[in-house]
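Trainee: Take a look and give me a structure for this.
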Amino acid sequence: MDSMLRSRTATRLPLDRPARSLTRRGRALGVALALGALLVSGATMTLAAPAVAAAGDVKCPSTDCALIAPAAGSPVAIAPDNAGAVYLAYSGGDLLKLDLATGALTTVTTGLGNLRGVAVADGNAYITAFDGTLQQVTLATGSRRTLAAGLPSLFGVTRVGTTTYVTDGNGEIVAVPDGGTPRVVATGLGFSYGIAFDKAGLAYTADMMTGRILQTNVATGTARVLASQTYEPTSISVGPDGLVYFMVANEVKRVNPTTGVQAHVTNIVGVNSFSFSLAASGDAYTTGSGGGDGLWRINGLTSR
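Mentor: Numbering: from 1, shown residues only. Okay, the predicted model is just below:
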């Protein structure tokens, strides 16, 4: 598994691209409607207001947290390629590229549907949509092809070797091998907006409904609870240190997947952030809602 190429991704609430950014109230309503369509219970989420910085917190803006793309609006998903660019997916169906060296924001392609997740690997983007479609976009040309369609609503996505893994609205992990048929490899995982893998090939998801951080063996479908939260966890990621990172409200936490020991990393304040996307460098990327629109970089998150 060490030689497999894995993408580090994180997904966000269904917000919109720069020219069509919604109000904070409208975004919260959109979240409630999306979850209501998936869950008969009609459970909703709320976005907390930015907190006051304390010692050890990451304050935005500061030397630890910089606004690097004010025009980026509020993408639903962020995927650094670990080679000088960050790709942004929007619920309106657009995929944009941010060049980290120049700050240039360009359009890769449009019309991809009601997007929810993005992962980047091998010169391609892998895009999930609310209508149950998984698409592959060639980043150099913007051309696309459909890898799977007719699935339940799709959210988290990541790439391992020649297989794309996605999470769906039924609490499942679905494996989509290149040229193969999609198959469910794990069930009963709740509602996870993201998915990440470690070098051993174990999958990690964050159930926003029950607060569970889950580790799943996709070969057997067996899952175990690494940690439990009292609020909706997001941003499930595996850091360069092998630890599992996630976010609860504005707090970033990590858990050792071997021992289950959980630790506080930091609080992100000054930006009304819902989630982050972790790069191989240990930096993280996030967007805010309300007055915090745009793409922010948090320097050295995993080293804190």
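
Trainee: so where is the protein shaky, pLDDT-wise?
Mentor: Along the chain, segments meeting pLDDT under 70 span 1-55, 289-292.

Trainee: could you pull out the helices for it?
Mentor: Using DSSP state H, the helices of the chain run over 24-38.

Trainee: give the contact list for residue 216.
Mentor: Neighbour list for residue 216: 173, 186, 189, 202, 203, 204, 205, 222, 223 [criterion: C-beta atoms under 8 Å, 6 or more residues apart in numbering]. All C-beta atoms are positioned from the backbone trio N, CA, C, and that covers glycine.

Trainee: For stretch 137-157, output the C-alpha coordinates as CSV.
Mentor: Extracted C-alpha coordinates of stretch 137-157, given in CSV (Å, rounded to 0.1, in the frame of the first residue of the first chain):
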residue,chain,number,x,y,z
VAL,A,137,-11.8,15.3,-15.1
THR,A,138,-8.5,15.5,-16.9
LEU,A,139,-6.9,18.6,-15.3
ALA,A,140,-4.8,19.6,-18.3
THR,A,141,-7.7,19.7,-20.7
GLY,A,142,-10.9,19.8,-18.7
SER,A,143,-12.3,16.8,-20.5
ARG,A,144,-14.5,14.5,-18.4
ARG,A,145,-15.9,11.0,-18.3
THR,A,146,-18.4,9.3,-16.0
LEU,A,147,-17.0,6.5,-13.8
ALA,A,148,-20.3,5.7,-12.1
ALA,A,149,-23.9,6.9,-12.2
GLY,A,150,-27.2,6.1,-10.5
LEU,A,151,-25.7,5.6,-7.1
PRO,A,152,-27.1,7.2,-3.9
SER,A,153,-26.1,10.8,-3.3
LEU,A,154,-22.3,10.9,-3.1
PHE,A,155,-20.2,13.0,-0.8
GLY,A,156,-16.6,12.2,0.2
VAL,A,157,-14.1,10.9,-2.4
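
Trainee: Next, the buried residues of it.
Mentor: For stretch 137-157, the buried set under the neighbour-count rule, 16 or more other C-beta atoms under 10 Å, comprises 137, 139, 144, 147, 148, 151, 152, 153, 154, 155, 156, 157.

Trainee: Kindly report the same for stretch 102-113.
Mentor: 105, 108, 109, 112, 113.

Trainee: Would you mind confirming that residue 198 is in contact with residue 243?
Mentor: No: look at residue 198 against residue 243 with C-beta atoms under 8 Å: they stay out of range, at 9.4 Å.

Trainee: quick one on the thing from earlier: can the buried residues of stretch 102-113 go into TSV with extra columns for distance to residue 247?
Mentor: Listed next are the buried residues of stretch 102-113 as TSV, based on distance: C-beta to C-beta, whole Å:
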residue	distance to residue 247
105	24
108	26
109	29
112	26
113	26
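
Trainee: now, which of those lie within strands?
Mentor: 105, 108, 109 (DSSP state E).

Trainee: give me the beta-bridge partners of the first one?
Mentor: What it means is residue 105. On the basis of DSSP bridges, residue 105 is bridged to residue 98.
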